[in-house]
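Q: I would like to see how this sequence folds:
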Amino acid sequence: MAQNSHLLDVLVLLTALLVFVPLFQWLHIGTVLGYLAAGVVIGPSLLGLISDVEGAEVLGEFGVVFLLFAIGLELKPDRLRLFGPKVFGLGLAQFLVTTVVLSTIARVSGLDTTAALLVGATLALSSTAVVLQLLGERVQMTRALGRVALAILLVQDAMVGPILVFMSVAAAGGGGLAGTLGITLFKSLIVVILIYMAERTLLRPLLRWAAGAGSPEVLTGATLLLVLGVGGATEQAGLSMALGAFLAGIMVADTEFRHQVAADIQPFRGLFLGLFFMTVGMRLDIGLAAERAPDLVMLVVGLMVLKAIILTGLARLFGLPWERAFAVGGLLSQGSEFAFIVLGVAAAGALLPTDLAQLLIAAVGITMAVTAGGTMLVRRLTRARLRPTRSALGKLEEEGGELSGHVVVAGFGQVGKAVARHLAKLHIPIVVLDMHPNQVSASRARGLPVFYGDAARADVLRAAHLDRAQALVVAVPEASTAERITAVARQAFPRLYILTRVPDPDWVQRVRKAGASAVVVEGLTTAVELAERVVLVWEAPDAA
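A: Take a look at the predicted model:
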């Protein structure tokens, strides 16, 4: 019977996922809130369809581990240098000032110093998931506002580790904060030294061996071993498993395997993290939220207004123009999905009163929904309105039988469409990969060889017969995605001609290092230049 109940729980979770997540995506609110809503509906507060909430929470914790690993993967030193010290100074100032202000308010409201600091630091963070969505399918991530927002988010991500250490210290209690902090920092130092030694001696050989085994499952298994192994080591040292995963991510970030590892870990991260957010929704007390609705409204409005004012003022002090300062202030005014993790763990460890943690979790979720609902306003401020396609694309020549000598285009945005149009006029066979299902369906209905697939995955590239292709054109708008696709393609197909588009010159060397044969910087004639270079390679491959 127990097995049947667990199976029923799994079926309920998957059904709720399939109903709520696509619905919230269609409403342009975001998957995080979809998972939360699903958890609320199937949880004890409403339908009560899950018999073992604690068991689901155990699995959900792996989502936290993979999230922290992914955050660590983003903290590669050369990526941080791309944004400049001034922007990172703004990010650090935002975190410190917001933490101090919110902690002071929490302390005055009656929380002890430890709880107030934990709440202040947690609420100072913003939602990476919501912000990336609001930047218009990440088209603006390498432009002025996008760079500022992303740099601030990276600084906030770097604060995750210290917050986890502080929470471990606070949970230990006992012999005084200063003594516990010293012991914890000493343990952290020992663990970091051991991890650093392992990274220098074992990590690269392990990943090289796994990558050379000829089976993608081996590299995926090695990645899981790394994440869970390092996480288990830090947990045995008295720290958190999530902190170990964060350190493991930083280790891998400086290797040539980071892009493939990120692609391999994505399904685990997405599924388990979604499960985690669903369990957070299950823990939400709807009755408490309804009972304290006035307090909830004050929390939401107060948090968003205060964070927006602080960040806007700091942005002006750091030299940003008013329009961009207002935009970044509004864009980052919500709470973070990481708050669900910290507040939930803090309540479980008696660091915060359960009803207060529930109220704060509900408030953070609402701030994310409110921010997501302002998509059109943010796009207007950032001038990121999507322009309609000027004319319908000419029908591309469909591949026939076994594909060979064709060109694969990654990304079917404005540039990708223009490249495809130019190549079609020259009767060059082409296959397009894109991650937007509606666009893929509409294009295929017009007879275009557009397929749904993530070009950052080697198995998808193989399915497009890239081993027999003449060239790969990376036309996605987001620079870091283009870099990742280039690196994965180069590792899987060492002799392939790869032509990559980047939004500005700062990315040229990075993309070349990732494996691009040639790089085109975005401009008025980007699509034409990409197409012309592909034609040269297609007509005379030895010339490339």
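
Q: in the stretch 251-400 of the chain, what spans have low per-residue confidence?
A: Applying pLDDT under 70 to the stretch 251-400 of the chain flags the ranges 256, 372-400.

Q: and the helix or strand hosting Leu11, what does it pack onto?
A: For Leu11, the element it lies in under DSSP states H and E is helix 2-26. Counting contacts by 3 or more CB pairs under 8 Å, 6 or more residues apart in numbering; DSSP states H and E, helix 2-26 is packed against helix 31-42, helix 53-73, helix 258-283. Placement of C-beta: from N, CA and C, glycine included.

Q: among those, which is nearest Leu466?
A: helix 258-283 (14.8 Å; CB to CB).

Q: out of everything not next to it in sequence, what's closest to Arg444?
A: Val450 (5.8 Å; CB to CB, 6 or more residues apart in numbering).

Q: who is that neighbour paired with across the strands?
A: Bridge pairing for Val450 (DSSP bridges) gives the partners Val432.

Q: for it, what are its contacts?
A: Val450 is in contact with 412, 432-434, 439-440, 443-444, counting by CB atoms under 8 Å, 6 or more residues apart in numbering.

Q: cool, and Ala248?
A: Neighbouring residues of Ala248 by CB under 8 Å, 6+ apart: 69, 72, 195, 226-227, 230-231.

Q: export these to a markdown table and tack on distance to Val297, pLDDT and neighbour count?
A: Converted to a markdown table, those look like this (distance: CB to CB, whole Å; pLDDT from 0 to 100; neighbours: other CB atoms under 10 Å):
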| residue | distance to Val297 | pLDDT | neighbour count |
| --- | --- | --- | --- |
| Phe69 | 36 | 83 | 30 |
| Gly72 | 36 | 75 | 26 |
| Ile195 | 45 | 75 | 19 |
| Leu226 | 45 | 85 | 25 |
| Val227 | 40 | 85 | 27 |
| Val230 | 42 | 84 | 27 |
| Gly231 | 39 | 83 | 26 |
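
Q: of the residues you listed, which belong to strands?
A: Among the contacts of Ala248, none falls in strands (DSSP state E).

Q: so which of these are in helices?
A: Within the contacts of Ala248, residues falling in helices by DSSP state H are 69, 72, 195, 226-227, 230-231.

Q: can you give the domain ranges for this protein?
A: The chain is divided into the following domains under automatic domain parsing: 62-272+294-382, 407-543.

Q: any chance of those in JSON lines, plus distance to Leu288?
A: JSON lines is the format used below for the domains of the chain (distance: least, CB to CB, whole Å):
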{"stretch": "domain 62-272+294-382", "distance to Leu288": "6"}
{"stretch": "domain 407-543", "distance to Leu288": "38"}
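
Q: lowest average confidence across the ones you listed, which one?
A: For those, the weakest mean pLDDT is recorded on domain 62-272+294-382, namely a mean of 78.

Q: which stretches of this structure form strands?
A: Going by DSSP E, the chain shows strands at 407-410, 430-434, 450-452, 471-474, 498-502, 518-521.

Q: let me have the ones you listed in CSV, extended by distance to Lys86.
A: Formatted as CSV, the strands of the chain follow (distance: least, CB to CB, whole Å):
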stretch, distance to Lys86
strand 407-410, 33
strand 430-434, 36
strand 450-452, 40
strand 471-474, 30
strand 498-502, 22
strand 518-521, 23
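
Q: what's the closest of those strands to Tyr35?
A: Nearest of these (CB to CB): strand 450-452, 22.2 Å.

Q: quick one: distance of the closest one to the chain centre.
A: Centroid separation for strand 450-452 versus its chain: 23 Å, with CA atoms, centre = their mean, to the nearest Å.

Q: now the contacts of Val450: which count as buried?
A: Among those, those buried by neighbour count (16 or more other CB atoms under 10 Å) are 412, 432-434, 439-440, 443.

Q: including distance to Leu203, could these go into CSV?
A: What follows is these, written out as CSV (distance: CB to CB, whole Å):
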residue, distance to Leu203
Phe412, 37
Val432, 36
Leu433, 31
Asp434, 34
Gln439, 39
Val440, 37
Ser443, 42
